[in-house]
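K.L.:
heads up, no residue letters with this:
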């Protein structure tokens, strides 16, 4: 397990295609999250900029809400293609898993490695993206995750505690999640055929008996799902920008 995500590898970066699910309805935000403003700009643009800042990203495929497809393919298409290497924009499905599969199938067939990264995680560090890509290239499947700092209880339907798993063995899955293209396509298609819905892409690979490794991430790579998350994200973004400005002086 790699426990030092802040250290970017000096080796030649792995090339990868990026899949960005951005089709969420954003019910808790009152607006679809891809177009939600973070520091005055659509959140999706922040996410794409982080992918472009990572070495090795050769193309991006975005899955958007079907109601937004015309907007993205007419008003946004040129900018997305020229600035962010977007090769395709596809309509997402009712569930995230369906959106990811649609985007996976639109990636270039010659791509060996796929990174899946949620549009709602706009604060991911480019070095972390590179590290997940490198580990996925080595092992076939790797995900960003953070160790749990909370005590987790397993409970039954009546609310009775069944067990308390050791905290040191618990990790919280995040994105990016990286996989060999053939593997993640096979995992998604099998899940679709069997009517299985997973909570993340790694689970679909795990259920085929394929091991997935962890790359330790930072809690700053939060997923924006509520208005409170957006407030926190603004603070984190400002701190990251200030740190970057200080380093460049």
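P.N.:
Everything's here; your move. Since the structure is predicted, the reported quantities are computational estimates derived from the model, not experimental observations.

K.L.:
So which elements touch the longest helix seen in the chain?
P.N.:
Ranked by residue count under DSSP state H, the longest helix found in the chain is helix 227-248. Packing partners of helix 227-248 (3 or more CB pairs under 8 Å, 6 or more residues apart in numbering; DSSP states H and E): strand 37-38. For glycine as for every other residue, the C-beta is placed from the backbone atoms N, C-alpha and C.

K.L.:
Just give me how far the strand it packs on sits from the chain centre.
P.N.:
In terms of CA atoms, centre = their mean, to the nearest Å, the centre of strand 37-38 is found 18 Å from the chain centre.

K.L.:
after that strand comes which helix or strand?
P.N.:
Using DSSP states H and E, the helix or strand that follows strand 37-38 towards the C-terminus is strand 41-42.

K.L.:
The longest helix of the chain: which residues count as buried?
P.N.:
By neighbour count on 16 or more other CB atoms under 10 Å, the buried set for helix 227-248 is 229, 230, 233, 236, 237.

K.L.:
Out of these, flag the one nearest to residue 69.
P.N.:
residue 230 (24.5 Å; CB to CB).

K.L.:
Can you pull the phi/psi pair for the closest residue in space to that closest one that isn't next to it in sequence?
P.N.:
Distances taken as CB to CB, 6 or more residues apart in numbering put residue 224 closest to residue 230, at 5.6 Å, once the chain neighbours are dropped. With angles defined as degrees, to the nearest 10, residue 224 sits at phi -90, psi 110.

K.L.:
wait, isn't residue 224 in contact with residue 122?
P.N.:
Yes: if you go by CB atoms under 8 Å, residue 224 and residue 122 touch, sitting 7.2 Å apart.

K.L.:
Looking at those two, which has the bigger crowd around it?
P.N.:
residue 122 (28 against 25; other CB atoms under 10 Å).

K.L.:
any low-confidence regions in the protein?
P.N.:
1-11, 26-31 (pLDDT under 70).

K.L.:
in it, which spans are helices?
P.N.:
Under the criterion DSSP H, the chain contains helices at 43-53, 69-74, 77-84, 96-106, 126-139, 181-194, 201-206, 227-248.

K.L.:
Could you dump the ones you listed into JSON lines with distance to residue 168 added?
P.N.:
Shown next, in JSON lines, are those (distance: least, CB to CB, whole Å):
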{"stretch": "helix 43-53", "distance to residue 168": "30"}
{"stretch": "helix 69-74", "distance to residue 168": "43"}
{"stretch": "helix 77-84", "distance to residue 168": "39"}
{"stretch": "helix 96-106", "distance to residue 168": "29"}
{"stretch": "helix 126-139", "distance to residue 168": "21"}
{"stretch": "helix 181-194", "distance to residue 168": "28"}
{"stretch": "helix 201-206", "distance to residue 168": "20"}
{"stretch": "helix 227-248", "distance to residue 168": "26"}
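
K.L.:
which one of these lies closest to residue 24?
P.N.:
helix 96-106 (7.1 Å).

K.L.:
which strands and helices sit next to the closest one?
P.N.:
In terms of contacts (3+ CB pairs under 8 Å, 6+ apart), helix 96-106 is packed against strand 16-22, strand 57-64, strand 86-91, strand 113-116, helix 181-194, helix 201-206.

K.L.:
try 7 Å this time
P.N.:
strand 16-22, strand 57-64, strand 86-91, helix 181-194 (3 or more CB pairs under 7 Å, 6 or more residues apart in numbering; DSSP states H and E).
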